[in-house]
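Peer 1: just need the structure, nothing else, for what follows:
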Amino acid sequence: QMGRAARAYRYNPDVFLLPAWKEIYETDSERKQDWQEAEYTCEMMRITCREHGYNVIEVPKTSVDERAMFVLNTIAGSAYPVR
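Peer 2: Okay, the predicted model is just below:
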């Protein structure tokens, strides 16, 4: 069962979530979801992570470089080691 596995195999308590972003969203051969499904999937990921005790950190909708720096700076300030 998914819930049992989520409790048994813990990851770092902080989880990065890159939210659905309509202005840059497009489908392709790898990304087949339409926009509505992408929004739903993002929200379900947020809810599921929180239900399993993870701290969801939303990465801001900025440039790629700024998002990368946000993640690196957040990790650098974290009390948990990166694995």
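Peer 1: so where's this structure uncertain?
Peer 2: Low-confidence segments of the chain (pLDDT under 70): 79-83.
Peer 1: need the residue closest to the centroid of it.
Peer 2: Nearest residue to the geometric centre of the chain (C-alpha atoms, centre = their mean): L17, 2.0 Å.
Peer 1: what about the strands in the chain?
Peer 2: Taking DSSP state E as the test, the strands found in the chain are 14-17, 55-58.
Peer 1: re earlier: who's in contact with the residue nearest to the centre of the chain?
Peer 2: C42, M45, R46, C49, V56, I57, E58, V59 (C-beta atoms under 8 Å, 6 or more residues apart in numbering). (Glycine included, C-beta is placed from N, CA and C.)
Peer 1: ok, T74 to V59 distance?
Peer 2: Distance of T74 to V59, given as C-beta to C-beta, to the nearest Å: 9 Å.
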